[in-house]
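Novice: Sequence plus the predicted model coming up.
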Amino acid sequence: MKGKVYLIGAGPGDAGLITLKGSMYLKKADVVVYDRLASPKLLEGLKERCKLIYVGKASSNHTKTQNEINEIIFQEANKGYVVARLKGGDPYVFGRGGEEAEYLYDRGIDFEVVPGVTSAIAGLAYAGIPITHRGIATSFHVITGHLKDENDELDWKSLGALKGTLVFLMGVSNLKEITEKLLKHGKDRETPVAIVNWGTTPMQQVVEGNLSNIYEKAIEENIKPPSLIVIGDVVNLRKKLNFYERKPLLGRNIVVTREKSHAIDTIRRIEELGGNVISFPTIKIEEIIPNEELNEAIRNIKRYSYMVFTSVRGVDIFFKRFFDIGEDIRDMAGIKIAAVGDKTANAIRKYGINVDFIPEEFVGESLVDKLKKVLTKDDKILITRAKIGRRELVEELSKISLVHEIKIYDTIKSEESKEEIINSINELDSYYLLFTSSSTFTNFIEILADNRWVLDKGKIISIGPITTKTIEERGFTVYEQAETYTVDGILELLMKEKR
């Protein structure tokens with residue numbers, strides 16, 4: 001039985017610009033054949049054991065020829081697989097999707113085209129340049145800057161006479177010829193021009209000029225593919241409409257070392273602020289199972305007068321087990337609840353429970369100071385926490401009241417995609433390394449092994465004094481420590497940094 005091919009437009013670089021249909025079909029695929037310009041983030045969350053085939057093409061450096069790509073797609077579908085052909089931009093806007101579709105049709109392979117957002121429009125929009133604007137440009141023309149046959153010529157006379165916006169894709173290597181030909185065929189020397197490099201991505205760079213000087217400016221700024229060239233008066237609107245480059249973290253490379261499932265919100269917020277995230281999870285969280293000690297404590301929850309939660313994960317594991325064994329939340333009536341930090345407190349509130357104690361500083365010592373004022377020797381405290389954790393909280397509270405500590409999860413080292421991530425970090429000129437706990441740092445050191453240059457080259461950001469102490473004890477310098485010991489504090493710190 002033959003499979004099916006989905007020719008999917010991945011959009012121009014921002015992973016969020018793929019269509020809902022494109023994302024849906026991508027997750028159904030057994031095989032993904034992808035381009036250089038498709039965002040790597042689109043390759044996350046695919047079907048288990050999905051086969052990935054890279055066929056990226058850079059200027060004069062093709063991993064595969066187009067004929068080889070056509071054959072790869074055909075052969076995979078002919079084996080009965082669902083194949084997603086993931087193409088940058090839109091498959092039919094100079095993406096050679098039509099050739100691939102013809103190849104499949106001629107060989108009896110079923111296919112479907114999922115249109116994508118083209119860089120000709122989105123790349124301009126992210127640069128603050130609308131491709132049309134009433135009273136300025138009432139038409140636009142998208143032109144290939146790289147013809148199949150070098151001896152072929154564009155109709156420069158017609159292009160020179162057009163009044164609308166001209167957009168050249170894949171034309172930066174021919175920029176000198178493009179500007180010279182347009183000037184020769186009637187375009188004004190002062191016609192505004194912009195080059196958008198890596199549009200819609202955190203690496204976006206825009207060079208502005210006019211037809212007479214843009215080539216020299218592009219040389220000066222060392223502009224290379226992938227870039228698009230936009231010519232016309234709409235370029236002048238960039239001063240007002242350039243929303244993307246106003247994002248406070250644009251151009252910053254930020255290595256996030258938190259456990260993957262808990263880093264989702266952090267990653268999303270950094271990306272919304274324009275930052276480029278390199279996810280390097282150093283820990284994995286595993287619930288300790290079986291845990292009869294926890295089950296017994298839950299069944300007898302009324303014996304406790306206080307409960308202390310030290311992490312979001314600890315909250316979620318506790319309440320999942322609480323409800324899994326059939327207990328009633330009303331049994332917790334009268335128990336005072338304490339949380340180390342706002343995030344942990346918010347996780348507790350999701351279960352309809354108010355939090356009685358949150359320290360001013362989100363560390364265990366600060367919570368101890370708060371609880372010391374109310375605890376008595378008759379109180380019994382339940383603390384559910386990580387297997388490996390600081391002992392100060394338990395030891396200090398035990399001096400006042402009876403403490404029952406139960407270890408409900410373990411943090412273990414994660415080496416997921418280690419070499420690939422280290423290689424991607426090596427290509428960066430500068431970056432920040434975010435550490436939100438001592439365990440993320442110690443595991444990071446172990447995972448790096450002989451690659452400690454990653455820490456020496458980057459700027460280390462610590463969430464608070466405990467993590468800072470761990471980092472400094474290992475002989476490294478903390479570039480900055482958050483004033484508020486939260487992820488919000490780290491983001492505030494990064495936004496204050498000058499570019």
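Specialist: Thanks, I have it.
Novice: For this structure, give me the ranges with low pLDDT.
Specialist: 57-62, 148-151, 362-364, 413-417, 498-499 (pLDDT under 70).
Novice: Now do the SS call for the residue nearest the centre of it.
Specialist: Centroid-nearest residue in the chain: V277, 4.9 Å away (criterion: Cα atoms, centre = their mean). Secondary structure for V277, judged by DSSP: H, G, I helix; E, B strand; the rest coil, is strand.
Novice: Quick check: beta-bridge partners of it?
Specialist: Judged by DSSP bridges, the bridge partners of V277 are I254.
Novice: For G489, see how far away it is.
Specialist: 18 Å (Cβ to Cβ, to the nearest Å). Yep, even glycine has a C-beta here, placed from its N, CA and C like the rest.
Novice: again, but for I348
Specialist: 21 Å.
Novice: Show me which of those two is the more surrounded one.
Specialist: Set I348 next to G489 and count neighbours by other Cβ atoms under 10 Å: I348 wins out with 22 against 17.
Novice: isn't that one right up against F309?
Specialist: Yes. Counting by Cβ atoms under 8 Å, I348 does reach F309; the two are 6.3 Å apart.
Novice: Need the overlap of contacts for these two.
Specialist: Shared contacts of I348 and F309 (Cβ atoms under 8 Å, 6 or more residues apart in numbering): 315, 337, 339.
Novice: Now do the same for the second one: helix, strand or coil?
Specialist: Three states are possible here, and by three-state DSSP the one that applies to I337 is strand.
Novice: same deal with G314?
Specialist: G314 is classified as helix under three-state DSSP.
Novice: my guess is it contacts R385, does it?
Specialist: Yes. Between G314 and R385 there is a contact under Cβ under 8 Å: 5.7 Å.
Novice: what is in contact with these two at once?
Specialist: Contacts common to G314 and R385, judged by Cβ under 8 Å, 6+ apart, are I408.
Novice: Quick check: which element contains N443?
Specialist: helix 438-448 (DSSP states H and E).
Novice: helix or strand right after that helix?
Specialist: helix 453-457.
Novice: quick one: buried residues of that next one?
Specialist: Neighbour counts over helix 453-457 (16 or more other Cβ atoms under 10 Å) mark 454-455 as buried.
Novice: The strand ranked longest in the chain pairs with which strands?
Specialist: If you go by DSSP state E, the chain has its longest strand at strand 402-413. Paired strands of strand 402-413, with direction, are strand 283-287 (antiparallel), strand 380-386 (parallel) (DSSP bridges).
Novice: buried ones in the shortest one?
Specialist: Along strand 283-287, these residues count as buried under the neighbour rule (16+ other Cβ under 10 Å): 283-285.
Novice: just curious, which of these is nearest to G108?
Specialist: Closest approach to G108 among these (Cβ to Cβ): K284, at 45.5 Å.
Novice: Can you verify my assumption that the closest one contacts S261?
Specialist: No. Using Cβ under 8 Å, K284 is not in contact with S261, being 9.2 Å away.
Novice: which residues sit in contact with the residue nearest to the centre of the chain?
Specialist: Per Cβ under 8 Å, 6+ apart, neighbours of V277: 254-256, 267, 270-271.
Novice: Would you map the strands across the stretch 1-150 of the chain?
Specialist: Counting by DSSP state E, counting those that start in this stretch, the stretch 1-150 of the chain has strands at residues 4-9, 31-34, 51-54, 57-58, 61-62, 82-87, 110-114, 140-144.
Novice: how about TSV for these, with distance to G464 and mean neighbour count added?
Specialist: Formatted as TSV, the strands of the stretch 1-150 of the chain follow (distance: least, Cβ to Cβ, whole Å; neighbours: other Cβ atoms under 10 Å):
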stretch	distance to G464	mean neighbour count
strand 4-9	43	26
strand 31-34	40	23
strand 51-54	39	14
strand 57-58	43	14
strand 61-62	46	11
strand 82-87	41	27
strand 110-114	46	17
strand 140-144	51	17
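Novice: can you redo those strands as JSON lines with distance to L402?
Specialist: Formatted as JSON lines, the strands of the stretch 1-150 of the chain follow (distance: least, Cβ to Cβ, whole Å):
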{"stretch": "strand 4-9", "distance to L402": "60"}
{"stretch": "strand 31-34", "distance to L402": "56"}
{"stretch": "strand 51-54", "distance to L402": "55"}
{"stretch": "strand 57-58", "distance to L402": "66"}
{"stretch": "strand 61-62", "distance to L402": "69"}
{"stretch": "strand 82-87", "distance to L402": "58"}
{"stretch": "strand 110-114", "distance to L402": "62"}
{"stretch": "strand 140-144", "distance to L402": "74"}
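Novice: closest one to T200 among the ones you listed?
Specialist: strand 4-9 (13.3 Å).
Novice: Just checking: what are the partner strands of the closest one?
Specialist: In its sheet, and by DSSP bridges, strand 4-9 pairs with strand 82-87 (parallel), strand 110-114 (parallel).
Novice: Select, out of these, the one closest to A137.
Specialist: Each of those was scored for nearness to A137 using Cβ to Cβ, and the closest is strand 82-87 (27.5 Å).
Novice: quick revisit: what helices or strands is the helix holding N443 leaning on?
Specialist: Applying 3 or more Cβ pairs under 8 Å, 6 or more residues apart in numbering; DSSP states H and E, one finds that helix 438-448 contacts strand 283-287, strand 402-413, strand 432-435, helix 453-457, helix 465-473.
Novice: Need the contact partners of it.
Specialist: Outside helix 438-448, the residues touching it (Cβ under 8 Å, 6+ apart) are 257-258, 280, 282-283, 386, 388, 390, 411, 413-415, 418, 422, 433, 435, 452, 454-455, 466-467, 469-471, 474.
Novice: which of these count as buried?
Specialist: The buried subset of these - by 16+ other Cβ under 10 Å - is 257-258, 280, 282-283, 386, 390, 411, 414, 422, 433, 435, 454-455, 466-467, 470-471.
Novice: how about the CA coordinates for stretch 33-49, as PDB?
Specialist: Taking C-alpha atoms only, stretch 33-49 is exported to PDB below (Å, rounded to 0.1, in the frame of the first residue of the first chain):
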ATOM      1  CA  VAL A  33      11.900  15.600   4.900                       C
ATOM      2  CA  TYR A  34      12.900  19.100   5.900                       C
ATOM      3  CA  ASP A  35      14.700  22.100   4.600                       C
ATOM      4  CA  ARG A  36      17.400  24.400   6.100                       C
ATOM      5  CA  LEU A  37      14.900  27.300   6.500                       C
ATOM      6  CA  ALA A  38      12.300  25.300   8.400                       C
ATOM      7  CA  SER A  39      12.500  26.100  12.100                       C
ATOM      8  CA  PRO A  40      14.100  23.300  14.200                       C
ATOM      9  CA  LYS A  41      11.400  23.800  16.800                       C
ATOM     10  CA  LEU A  42       8.900  22.300  14.300                       C
ATOM     11  CA  LEU A  43      10.700  19.000  14.700                       C
ATOM     12  CA  GLU A  44       9.800  18.700  18.400                       C
ATOM     13  CA  GLY A  45       6.800  16.700  19.500                       C
ATOM     14  CA  LEU A  46       6.700  14.500  16.400                       C
ATOM     15  CA  LYS A  47       5.300  11.000  16.300                       C
ATOM     16  CA  GLU A  48       7.500   8.500  18.200                       C
ATOM     17  CA  ARG A  49      10.200   7.000  16.000                       C
END
